[in-house]
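Engineer: next comes the sequence, and after it the predicted model I'd like to discuss.
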Amino acid sequence: MSTSATIRNPAARHPIRRMIRPPAQPVEAKANSDDQDLKLFALSFTAFFICIYSLIY
């Protein structure tokens, strides 16, 4: 069962693990700081609004 057609990951020693693909390498996404700033502002504004609204009523 160790033919070259079935071995996709030669580092795997178990026959079933040889048939599956090796795990994909994680791709680093660009961190968009403007988007994070906008999300933080929206979260802070909403939290502030809820706190003030709950104190008034």
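Structural biologist: Arrived safely, thanks for sending. Numbers count the residues shown, from 1 in each chain.

Engineer: make it CA atoms for all contacts and neighbour counts henceforth
Structural biologist: Fine.

Engineer: tell me the pLDDT at residue 10?
Structural biologist: Per-residue confidence (pLDDT) for residue 10: 63.

Engineer: same deal with the one 4 residues further on?
Structural biologist: Per-residue confidence for residue 14 comes out at a pLDDT of 81.

Engineer: and for residue 50?
Structural biologist: For residue 50, pLDDT reads 96.

Engineer: distance of residue 37 from residue 45?
Structural biologist: 12 Å (Cα to Cα, to the nearest Å).

Engineer: how about residue 26?
Structural biologist: From residue 26 to residue 45 the distance is 34 Å (Cα to Cα).

Engineer: ok, the two, which is more surrounded?
Structural biologist: residue 45 (12 against 6; other Cα atoms under 10 Å).

Engineer: quick one: secondary structure of the more buried one?
Structural biologist: When classified by DSSP: H, G, I helix; E, B strand; the rest coil, residue 45 comes out as helix.

Engineer: list the contacts for it?
Structural biologist: Residue 45 sits next to no residue when contact means Cα atoms under 8 Å, 6 or more residues apart in numbering.
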